[in-house]
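> Requesting a structural model of the entry that follows:
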Amino acid sequence: GSSAMAAVPGSAAMLTCVVRRTHVLCPSAWMRSAAMARGPVGGAHRRAASSEAASRSKPRVLVLGSGWGGFAVARRLDRKLVDVHLLSARNHMVFTPLLASTAVGTLEFRGIAEPVRSSMPGVRFHLGKARDIDLDAKTVRVVTKGDGAEESRAVRNGTIEITEYDLDFDVLVVAVGARNVTFGIPGVVEHVHFLKELTDARRIRKNITQCLEAASCPTLSDAERARLCHFVVVGGGPTGTEFSAELRDFLNQDAVRFYPEVAHLAKVTLIEGREILGSFSASLRQYATNRFKKLNINIRTGANVKDVSSRAIYLDDGDVIPYGMCVWSTGIGPRRITQLLDPKIFAKDRTGKLVVDDTLRVKRAGGKGAAGGADEVLPGVFALGDCAVVESHPYAALAQVAERQGKYLAAQLNDLAKEGALPHGKPASPFVYTHMGSLAYVGNYAGLTDLKDVDLIPEGGRAQLRGFISWLIWRSAYLSKLGSWRNKLQVPMDWTRTLIFGRDLNSF
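Below is the predicted model of the structure:
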């Protein structure tokens, strides 16, 4: 999702009321209320947008989302050829592979955030959420609201009003990513933490400190102290596994110094229905499992969560696990804007992702005719990253896939703009993905490097690495991928500070 802001005299109060009421409604109610809110206001915006579009000398490319894919395409579009607008609910891009490190104080939050405005001179940024796409009018309905993690006091007090407006486009790139899914399990939304945004990492860091401080209270029973010091992670993918490792490092290296009275009670449990790190080779999975046992990380496989309360997690095998903090990192699903798009127009797969062809053009629902023809795709509408699936080759939901798609699409759109073929032109070549390998951190200066699917490995070359050497590769690879020199300097300084002085325990 995303948003931006415009106010029409006499209508601000009505629009604010509509937005504040509709956020609790079902998707269909969202659509109805948005249509009602348009009225003469939406019409005025569309007329103004049409007039502006007619007077533009360059085609406008509107990118939805500032994640790996959206950030890559917006940053690489040639602003001399196209008018680039970026709509997102956050004003930065998050380097997600290092997000777990910020949650335990190994790194500072600013070190993995890439500000949109300073990173893309000449790109018009809009802060807000997309709530509807009108392909006939070529507009996106925008709600001027951020990521929703914490509504500011100014918004709550009415100093800053939430409103709606239409943003027009010639070419639309949908790169809104995905959200965490709870599988309808009771209590998940109310009691657990997710780990997708910097706001999530900040809340987790605060909750860890709160649990340890509360457990240090001398009036508590031993059972209550043990519960508060039990940290549970649900989901054994790379995010859940790396966070478990980072948390165990913090408890072993820092909590023992600063919380000596309760550090011996600290436990980390990783719950996974199948096996951890399922995308890695069997030998690396076994290495990670053995390493976690040495680090005293309890792995629970073969059982699924069926209920979550404020103090305990209930498994389907009958076990009850008391906890102080729980992090949920299992499964992703479509965001609200992807769900709201009409399935009679936008082709979707069974999980709700937008279906695209091999040039990332969104396919028309029930489209017939020549492959890639006007009847099969939605002209000028592209999608990439976790919100889309390439029909001919479904790729894994990986950051490197989304980033590579963003680079590819920017290059293709630049070429089409040079030829004057936007918005209806077809990219000259299909998207081709080359896997660069998988990395994971498994605690105490050890990592995993899995290159089994990499085409560049010579015949007979070693495709798997583990241990300290792999940890060095893990850090070096991610350091090289950080976008700005500011972050490439900030992150090593944070690593050095942590090594010498320990992790940051401040709670704010």
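> where in the stretch 101-250 of the chain is pLDDT low?
For the stretch 101-250 of the chain, residues meeting the criterion pLDDT under 70 lie at 146-152.
> how about stretch 399-413: buried residues?
Buried residues in stretch 399-413, counting neighbours by 16 or more other CB atoms under 10 Å, are found at 399-413. The C-beta positions use only the backbone N, C-alpha and C, and glycine is treated the same way.
> how about that stretch as CSV, C-alpha atoms only?
Output for stretch 399-413, consisting of C-alpha atoms alone and laid out as CSV, is shown next (Å, rounded to 0.1, in the frame of the first residue of the first chain):
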residue,chain,number,x,y,z
ALA,A,399,14.8,-10.1,-2.1
GLN,A,400,17.3,-10.9,-4.9
VAL,A,401,14.4,-11.9,-7.2
ALA,A,402,12.5,-8.6,-6.6
GLU,A,403,15.7,-6.5,-6.9
ARG,A,404,16.7,-8.2,-10.2
GLN,A,405,13.2,-7.8,-11.6
GLY,A,406,13.3,-4.1,-10.7
LYS,A,407,16.6,-3.6,-12.5
TYR,A,408,15.3,-5.5,-15.5
LEU,A,409,12.1,-3.5,-15.7
ALA,A,410,13.8,-0.1,-15.3
ALA,A,411,16.1,-0.9,-18.2
GLN,A,412,13.2,-2.1,-20.4
LEU,A,413,11.1,1.0,-19.7
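> so where is the stretch 401-508 of the chain shaky, pLDDT-wise?
For the stretch 401-508 of the chain, counting by pLDDT under 70, the residues that fall below are 453-462.
> can you map out the helices along it?
In the stretch 401-508 of the chain, helices defined by DSSP state H, counting those that start in this stretch lie at 468-481, 485-501, listed in chain order.
> Can you dump the C-alpha atoms of the first one in PDB for me?
Translated: helix 468-481. Below are the C-alpha coordinates for helix 468-481, written out as PDB (Å, rounded to 0.1, in the frame of the first residue of the first chain):
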ATOM      1  CA  PHE A 468      33.300 -19.000  10.200                       C
ATOM      2  CA  ILE A 469      34.300 -18.600   6.600                       C
ATOM      3  CA  SER A 470      30.700 -18.600   5.600                       C
ATOM      4  CA  TRP A 471      30.000 -16.000   8.300                       C
ATOM      5  CA  LEU A 472      32.600 -13.700   6.700                       C
ATOM      6  CA  ILE A 473      31.000 -14.300   3.300                       C
ATOM      7  CA  TRP A 474      27.600 -13.500   4.800                       C
ATOM      8  CA  ARG A 475      28.800 -10.200   6.200                       C
ATOM      9  CA  SER A 476      30.900  -9.200   3.200                       C
ATOM     10  CA  ALA A 477      28.100  -9.900   0.700                       C
ATOM     11  CA  TYR A 478      25.500  -7.900   2.600                       C
ATOM     12  CA  LEU A 479      27.900  -5.100   3.300                       C
ATOM     13  CA  SER A 480      28.600  -4.800  -0.500                       C
ATOM     14  CA  LYS A 481      24.800  -4.800  -1.200                       C
END
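> Give me the distance from it to the chain's centre.
22 Å (CA atoms, centre = their mean, to the nearest Å).
> So what's the residue count around the spatially closest residue to C211 that is not a sequence neighbour?
Using CB to CB, 6 or more residues apart in numbering and skipping residues adjacent in sequence, the residue nearest C211 is G324, 4.0 Å away. Burial of G324, expressed as a neighbour count using other CB atoms under 10 Å, amounts to 23.
> try T159
Here the number of neighbours of T159 (other CB under 10 Å) works out to 9.
> Going forward, count from 32.
Shifting the count to begin at 32 puts that one at T190.
> is it true that it lies in a helix?
No - going by DSSP: H, G, I helix; E, B strand; the rest coil, the assignment for T190 is coil, not a helix.
> residue contacts, the closest residue to W99 other than its chain neighbours?
Here the nearest residue to W99 in space, its sequence neighbours aside, is A433; by CB to CB, 6+ apart that works out to 4.0 Å. Residues in contact with A433 (CB atoms under 8 Å, 6 or more residues apart in numbering) are 98-100, 103, 206, 208, 415-417.
> ok, which pair from those is furthest apart?
Of all pairs drawn from these, the one with the largest separation by CB to CB is A103 and D417; the distance is 13.5 Å.
> count of neighbours near W359?
For W359, the number of neighbouring residues by other CB under 10 Å comes to 25.
> should've said P291
P291 - counted by other CB under 10 Å - has 10 other residues nearby.
> Give me the distance between it and D285.
As judged by CB to CB, to the nearest Å, P291 and D285 stand 11 Å apart.
> next one: F462
Going from F462 to D285 by CB to CB gives 44 Å.
> Likewise for A209?
Separation of A209 from D285 (CB to CB) stands at 33 Å.
> likewise S341?
The gap separating S341 from D285 is 27 Å, by CB to CB.
> Compare those two and say which is more crowded by neighbours.
Higher neighbour count among S341 and D285: D285, with 20 against 9, using other CB under 10 Å.
> I'd assumed the more buried one was in a helix, is it?
Yes - for D285, which was evaluated using three-state DSSP, the result is membership in a helix.
> Restrict stretch 374-391 to CA atoms and write it as PDB.
Taking Å, rounded to 0.1, in the frame of the first residue of the first chain, the C-alpha atoms of stretch 374-391 are listed here in PDB:
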ATOM      1  CA  PRO A 374     -10.200 -10.400 -10.000                       C
ATOM      2  CA  LYS A 375     -12.400 -10.000 -13.100                       C
ATOM      3  CA  ILE A 376      -9.900  -7.600 -14.500                       C
ATOM      4  CA  PHE A 377      -6.500  -8.500 -12.800                       C
ATOM      5  CA  ALA A 378      -5.500 -12.200 -13.200                       C
ATOM      6  CA  LYS A 379      -4.500 -13.700  -9.900                       C
ATOM      7  CA  ASP A 380      -3.200 -17.100  -8.700                       C
ATOM      8  CA  ARG A 381      -4.800 -19.200  -6.000                       C
ATOM      9  CA  THR A 382      -2.700 -17.300  -3.300                       C
ATOM     10  CA  GLY A 383      -4.000 -13.900  -4.500                       C
ATOM     11  CA  LYS A 384      -0.700 -12.800  -6.300                       C
ATOM     12  CA  LEU A 385      -1.000 -10.900  -9.600                       C
ATOM     13  CA  VAL A 386      -0.100 -13.100 -12.500                       C
ATOM     14  CA  VAL A 387       2.400 -11.600 -14.900                       C
ATOM     15  CA  ASP A 388       4.000 -12.800 -18.200                       C
ATOM     16  CA  ASP A 389       7.700 -13.200 -18.800                       C
ATOM     17  CA  THR A 390       8.100  -9.400 -19.300                       C
ATOM     18  CA  LEU A 391       6.300  -8.700 -16.000                       C
END
